[in-house]
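>>> from the sequence below, what's the structure:
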Amino acid sequence: MLSVLFHLNGENDATAWSYINQIRSRAFGNMEVGKKDALTATYLPYYKEIASFYISKGSATVTVPSSYPIPFNETAVTVPDAKTYYTQVKSDKSFSSPVWLVALGMERRKEFNAEWCLAQDLIRSGFMEDHITHNYPKSLGYPNTNPLVQDAWQTYRSFDYVPEKMDMPIPTEELLKNKLIDQNEAYN
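Numbers count the residues shown, from 1 in each chain. As a prediction, this is how the structure comes out:
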């Protein structure tokens, strides 16, 4: 929806930026301020049930929690304005994408970080190449063969970004079963 608003109304669409600000405010925990009792009543029973299950299976190290295991924010946090923040991120990282696409891409990376759809979402939005090029610069850091890699924070990349390689290769077994299938272009 946000990308549609930006595409239709331009990069300064106030409604789209307000949605990004709302998402960021929620991510910083501001939506839970003043709701500790209600949130605890909603989510604590799950943890109690899980603990009871393990205790029933003989675990001697598990105890039933009396409070939610992760503290809720009780004080609102000042969240930097999204457009201002991502304008700075774009400048700092030298992204070539428009600021709104940098904002969407970076927010999606946080929201979908462990989900199957992240890569496809970044590809479809047009942010993947910018993301790979600037967040994982080529030849920065240590290759996996270097012992210093275990203390390095960045992922070493020795390859050029090739958009066609974002489409996975068709398994050889499938190609052998059906002669009408062609291998994806980047893997020929």
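
>>> burial count for Asn21?
Asn21 sits with 17 neighbouring residues when counted by other C-beta atoms under 10 Å. The C-beta positions use only the backbone N, C-alpha and C, and glycine is treated the same way.

>>> so it sits against Ala82, correct?
Yes. At 4.9 Å, Asn21 and Ala82 qualify as touching, with contact defined as C-beta atoms under 8 Å.

>>> next, Ile55: secondary structure please.
For Ile55, the reduced secondary structure class is helix; criterion used: DSSP: H, G, I helix; E, B strand; the rest coil.

>>> check contacts around it.
Residues counted as contacts of Ile55 (C-beta atoms under 8 Å, 6 or more residues apart in numbering) are Val62, Val64.

>>> which residue is nearest the middle of this structure?
Arg109 (2.3 Å; C-alpha atoms, centre = their mean).

>>> remind me which helix or strand it belongs to.
Using DSSP states H and E, Arg109 maps to helix 99-111.

>>> what mean pLDDT does that helix have?
Summarised as a single mean, pLDDT over helix 99-111 is 94.

>>> export only the CA atoms of that helix, formatted as PDB.
Below are the C-alpha coordinates for helix 99-111, written out as PDB (Å, rounded to 0.1, in the frame of the first residue of the first chain):
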ATOM      1  CA  VAL A  99      14.300   8.200  -0.100                       C
ATOM      2  CA  TRP A 100      10.900   6.600   0.200                       C
ATOM      3  CA  LEU A 101      12.200   3.300  -1.300                       C
ATOM      4  CA  VAL A 102      15.100   3.300   1.100                       C
ATOM      5  CA  ALA A 103      12.600   3.800   4.000                       C
ATOM      6  CA  LEU A 104      10.400   1.000   2.800                       C
ATOM      7  CA  GLY A 105      13.300  -1.400   2.100                       C
ATOM      8  CA  MET A 106      14.900  -0.800   5.400                       C
ATOM      9  CA  GLU A 107      11.700  -1.100   7.400                       C
ATOM     10  CA  ARG A 108      10.800  -4.300   5.500                       C
ATOM     11  CA  ARG A 109      14.200  -5.700   6.300                       C
ATOM     12  CA  LYS A 110      13.400  -5.200  10.000                       C
ATOM     13  CA  GLU A 111       9.800  -6.500   9.800                       C
END
